[in-house]
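> This is a predicted model, with the sequence first.
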Amino acid sequence: MKLLVFASGTAVSGGSGFENLVVASRSGKLSAGIVGVVSNHAHGGVFERAHRLGVEFRHFAGPYDDEGYGSVLRHFDPDWVALSGWLKPFGGFAPSRTLNIHPGPLPEFGGKGMYGHHVHEAVIEAYKAHRLTKSAVTMHFVTPRYDEGPAICRIPVEILPTDTAETLQKRVNETELVFQPLVTDLVVRSQIQWDGDLNSPVEFPDNYNLI
């Protein structure tokens, strides 16, 4: 199985999820080989990690439509796509074979503009207003509308009374690094399946429980 990763990695430290998937793949914890990583930033964290890990890197500056993505996808010819901190709309590939990881509860804290620190700031505000007690890491299949594909998992993340957006973000990221390879492996091994029809449910293995 060939897995292609899309990761924006806007910060110099960006791309930790991508590197984590590579490590899991090479250790056998993820049953797919990482054939490349795509970023909309020519340099930065994703580029540096790809160079260090020996993974093919491709800078993709758009257009972010089916035709634009098509040229990238034809080059790598993946079986699966993982969006790991990819901040652009995505298309051109089967939704049932495209996964995204989101650093907050969906659908409440998703949609255009809800990424990175914006999510954590909104979650902290909702926590202080007593609208929720926990954050979450959500993985889902990808459809044309931001963060609206069917959920695969929602891993709760505790919010502490002393938390800021920054401290919550750190704990959410740690949770992402634990569960992203695990859930991705279940999907690429067809233990979790979805046929791509929004009217169809996601199929899970018996006794599916990640925590």
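Nice, thanks for sending it over.

> can you list the weak-confidence ranges in the chain?
Across the chain, the ranges flagged by pLDDT under 70 are 11, 211.

> Now with 90, please.
9-14, 44, 112-113, 144-146, 206-211 (pLDDT under 90).

> Can you list the residue ranges for helices in it?
16-27, 45-53, 66-76, 116-128, 165-188 (DSSP state H).

> mind putting those in TSV, distance to residue 201 and mean neighbour count included?
C-beta here means a position set from N, CA and C on the backbone, and glycine is covered the same way. Output for the helices of the chain, formatted as TSV (distance: least, CB to CB, whole Å; neighbours: other CB atoms under 10 Å):
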stretch	distance to residue 201	mean neighbour count
helix 16-27	26	20
helix 45-53	34	19
helix 66-76	26	14
helix 116-128	26	18
helix 165-188	15	19
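
> so can I have CSV of these showing distance to residue 86?
Below are the helices of the chain laid out as CSV (distance: least, CB to CB, whole Å):
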stretch, distance to residue 86
helix 16-27, 10
helix 45-53, 10
helix 66-76, 11
helix 116-128, 12
helix 165-188, 13
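
> Of those, which is nearest residue 150?
Among the helices of the chain, the nearest to residue 150 by CB to CB is helix 165-188 (11.9 Å).

> Which elements pack onto that closest one?
helix 16-27, strand 80-83, strand 98-102, helix 116-128, strand 134-141, strand 151-158 (3 or more CB pairs under 8 Å, 6 or more residues apart in numbering; DSSP states H and E).

> Name the residues that touch the fourth one?
It stands for helix 116-128. With contacts defined as CB atoms under 8 Å, 6 or more residues apart in numbering, helix 116-128 is touched by 10, 85, 102-105, 108-109, 114, 132-133, 135, 159, 163-166, 168-169, 172.

> That's all I had, so thanks and see you.
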